[in-house]
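Peer 1: Predicted model and sequence below, questions to follow.
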Amino acid sequence: MARFTVEFETELPAAEAWRRLLDLRAHTAVIPLTTLSGAVLTADGLVPGSRFVARTGVGPVGFDDRMVVDQIIPPHSGGAGSARIRKEGNVVRGEIDLTVAPAGQGSRVHWEQVIRVRPVPAVLDPVVARVARLAYATTIRRLLRG
């Protein structure tokens with residue numbers, strides 16, 4: 001499994017950064033060739049057990065990245081929020097741990113992920129980690145910009 005971390009500081013308050021990162025509808029707009037779907041796609045609606053799918057592809061060629069929220073605690077009263085999202089698809093597996101904490105006048109975002117891409121051999125995990133880190137950093141930056 002490849003592991004990587006992305007961290008950002010933003011001028012956004014923790015609650016707003018949280019809302020933007022977990023507004024799954026916005027992911028469709030900022031991730032190329034990807035559409036998210038599910039019964040609940042907003043930060044305030046996600047609860048443990050919420051399921052959603054990120055479909056990446058062109059036409060019939062692509063794959064589904066199936067995910068489930070294992071744990072979610074929004075930021076509150078000046079405290080940090082955290083979420084754990086499990087990837088359980090046939091192509092992409094792993095876990096995302098997200099923390100959004102107040103920091104000065106804004107907030108700090110910490111995104112840690114373990115990812116396994118089938119059928120990529122484990123020997124290429126360092127390459128997968130670098131590519132995934134770059135892709136997720138770009139996505140997070142775009143989501144925080146709104």
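Peer 2: The structure has been received and is ready for your questions.
Peer 1: Pull the contacting residues for Phe52.
Peer 2: Phe52 sits next to Leu24, Leu36, Ser37, Gly38, Ala39, Val40, Leu41, Met67 when contact means CB atoms under 8 Å, 6 or more residues apart in numbering. (Each C-beta comes from the backbone N, C-alpha and C, glycine too.)
Peer 1: Tell me where this protein has helices.
Peer 2: 14-21, 24-30, 125-145 (DSSP state H).
Peer 1: okay, those helices, which one's buried deepest?
Peer 2: helix 14-21 (a mean of 22; mean count of other CB atoms under 10 Å).
Peer 1: So which elements touch that one?
Peer 2: For helix 14-21, the contact count by 3 or more CB pairs under 8 Å, 6 or more residues apart in numbering; DSSP states H and E identifies strand 81-88, strand 92-103, strand 106-117, helix 125-145 as packing neighbours.
Peer 1: what would these look like in CSV with mean pLDDT and distance to Ile73?
Peer 2: Putting the helices and strands packed on helix 14-21 into CSV (pLDDT from 0 to 100; distance: least, CB to CB, whole Å) gives the following:
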stretch, mean pLDDT, distance to Ile73
strand 81-88, 98, 5
strand 92-103, 98, 10
strand 106-117, 97, 14
helix 125-145, 97, 19
